[in-house]
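Participant: Below are the sequence and a predicted model for it; my questions follow.
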Amino acid sequence: MKPHKITLYVYNVGFGDCFLLCFHYQRGGDRYVLIDFGTTAAPKGFSKERGSRLLADIAEDIRIRCGKAGLTAVVATHRHRDHISGFATSKDGKGPGDIIRNLKPKVVIQPWTEDPKAPVDALSPVQDPGRAQAFLQSLQDMQRVAEAIVQAAAPSNRSWLGKELRSRLAFLGEDNLANESAVKNLMTMGLKQYYVYFQSRSGLERLLPGVKVHVLGPPTLRQSDAIRSQRSRDPDEFWHFHRYWGFQARAAEHEMRAVKLFQAETLSVENAPVEMRWFCHRVRAIRGEQLLNIVRELDRQLNNTSLILLFETGGKRLLFPGDAQIENWSYALEKLHEEGKLDLLAGVDLYKVGHHGSLNATPKSLWSLFEKRGGEDKPERLKTVLSTLPGKHGSERTGTEVPRKKLVEALRQESELFSTNAMKVRDGLCKVIEIPL
């Protein structure tokens, strides 16, 4: 038994990801896989009221589309709020996460770093017989830092953080919070949980007949030893921050206690002598930029725990890399090259653009592999899907804006690009993309 068609429902969540992948079978009914469900900013043109009920409306739309079949699987690529906030439940049982839970997914698939059975000092995923250094404690420390940064960016501190900087800190900080309700719901909603890593079983083998699912990321810490030796001088190498995040978490907690203790007087530039005010402004600007650099690094590291899944069936390949960035991709590309399997990526038909259009989430070494990219006359031209909202992340001034203009230009020139940012309020909640097999 093999599917004869695939339908991809691309939901307009603003800044976030939500994709419902339906595999249509002649016999046995349709199988639905939900890949991520979250947002940190409503789509443009949405009223405050409509934005507030966006996730509940999308959850209800997913329920209607799945019908009696329910969900075959839920995939949460990583724990950023813009990917999992829709899985949060509410006390009245009517939250978006409650609706998704009631669709009774057979399996929930997450990266190995989310395995609750692994103690914080675990050496690797529970399923992995090899043991390497732990990353789990770092995740907890990162989110303690995020909580402190959100406090620092609170409106009460606007006297020492400019409006733009405070907004950027709050946006990134909130995205990196623990998302406790959603995380707990994901831990328990499926009949079975799979915590996966490069080349592990996906958990979908028996649930999607005729579909092969390749897990291309993230690597375990043991697997990433090759990256550690090759990139040991790279300051952005995401597996090198065990002690760093513990230090930052402790420093952030000390700083927040000091802020509360001296809130009124010490932080007021107006109370300083006139000749000192310029100096006070400069010190606070520097501290603000330091906080921004820390939260950017935090954001990158959580992105690099992201799942990378490649679905293959009927001669078609669909690539969903979540927010995986260069360090995550480096291992997959290197190993596939060693094993002579880069053709898996060369034949990709649909690419979900990584990290909402961030430049370092679509490495040139990956983009150049896609053999189906090309102009409008290219046979079976590559389809690309971008879920994004400009102006929420990064800065054009520093060349870090999301989506990155250079990348969007390349996507438009060399693929059939669909971006949720192009959707209007009247277009509804989702775009339907049919993929015949």
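Facilitator: Perfect, thanks for sending it.
Participant: ok, residue 68 to residue 344 distance?
Facilitator: From residue 68 across to residue 344, the span is 35 Å (CB to CB, to the nearest Å). Quick note: C-beta positions are derived from backbone N, CA and C, even for glycine.
Participant: what do you get for residue 367?
Facilitator: To residue 344, residue 367 is 15 Å away according to CB to CB.
Participant: Residue 106 now?
Facilitator: From residue 106 to residue 344 the distance is 26 Å (CB to CB).
Participant: and whichever helix or strand residue 184 is part of, what other elements does it pack with?
Facilitator: Following DSSP states H and E, one finds residue 184 within helix 180-188. Where contact means 3 or more CB pairs under 8 Å, 6 or more residues apart in numbering; DSSP states H and E, helix 180-188 is packed against helix 81-84, helix 96-101, strand 107-111.
Participant: As CSV, the ones you listed with mean pLDDT and distance to residue 351 would be great.
Facilitator: As requested, the helices and strands packed on helix 180-188 are exported to CSV (pLDDT from 0 to 100; distance: least, CB to CB, whole Å):
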stretch, mean pLDDT, distance to residue 351
helix 81-84, 91, 17
helix 96-101, 97, 25
strand 107-111, 95, 20
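Participant: what's the neighbour count on residue 391?
Facilitator: By other CB atoms under 10 Å, the residues close to residue 391 number 12.
Participant: does it sit in a helix, a strand or a coil?
Facilitator: coil (DSSP: H, G, I helix; E, B strand; the rest coil).
Participant: Give me the below-cutoff pLDDT ranges for the stretch 51-200 of the chain.
Facilitator: Applying pLDDT under 70 to the stretch 51-200 of the chain picks out residues 116-178.
Participant: tell me the contacts of residue 26?
Facilitator: 1, 4 (CB atoms under 8 Å, 6 or more residues apart in numbering).
Participant: what sits against residue 106?
Facilitator: 71-73, 190-192, 207.
Participant: quick one: which two of those residues are the most distant?
Facilitator: Pairwise distances across these peak at 13.1 Å for 71 and 192 (criterion: CB to CB).
Participant: Give me the more crowded residue out of those two.
Facilitator: More crowded of residue 71 and residue 192, by other CB under 10 Å: residue 71, with 24 against 12.
Participant: my read: the more buried one touches residue 107, true?
Facilitator: No - counting by CB atoms under 8 Å, residue 71 stays clear of residue 107, with 9.3 Å between them.
Participant: Hmm, residue 75 is touching residue 309, no?
Facilitator: Yes - contact criterion CB under 8 Å: residue 75 and residue 309 qualify, at 6.8 Å.
Participant: overlap in contacts of the two?
Facilitator: Residues touching both residue 75 and residue 309 (CB under 8 Å, 6+ apart) are 35, 320.
Participant: So between the two, which is more surrounded?
Facilitator: residue 75 (27 against 24).
Participant: partner residues bridging that one?
Facilitator: Beta bridges link residue 75 to residue 35, residue 109, judged by DSSP bridges.
Participant: any idea how far residue 48 is from it?
Facilitator: For residue 75, the distance to residue 48 equals 30 Å [CB to CB].
Participant: Likewise for residue 387?
Facilitator: Counting by CB to CB, the gap from residue 387 to residue 48 is 21 Å.
Participant: cool, residue 323 as well?
Facilitator: Residue 323 is 27 Å from residue 48, by CB to CB.
Participant: Comparing those two, which residue is more hemmed in?
Facilitator: Set side by side, residue 323 and residue 48 show more neighbours around residue 323, with 25 against 7, by other CB under 10 Å.
Participant: Point me to the helix or strand that includes that one.
Facilitator: Using DSSP H and E, residue 323 sits in no helix or strand.
Participant: And for the one 5 residues further on?
Facilitator: Secondary-structure assignment from DSSP H and E places residue 328 in helix 326-338.
Participant: Show me what that helix is packed against.
Facilitator: Short answer (3+ CB pairs under 8 Å, 6+ apart): helix 326-338 packs on strand 212-217, helix 225-230, strand 308-313, helix 343-346, helix 364-367.
Participant: Out of the ones you listed, the one nearest residue 202 is which?
Facilitator: Nearest to residue 202 among the helices and strands packed on helix 326-338 is strand 212-217 (4.0 Å), distances taken as CB to CB.
Participant: Would you indicate which residues of the closest one are buried?
Facilitator: 213-217 (16 or more other CB atoms under 10 Å).
Participant: Count residues in the vicinity of the residue lying closest to residue 307 once chain neighbours are set aside, would you?
Facilitator: With CB to CB, 6 or more residues apart in numbering as the criterion, residue 307 has its nearest non-adjacent residue at 4.4 Å, and that residue is residue 77. If you count neighbours by other CB under 10 Å, residue 77 ends up with 27.
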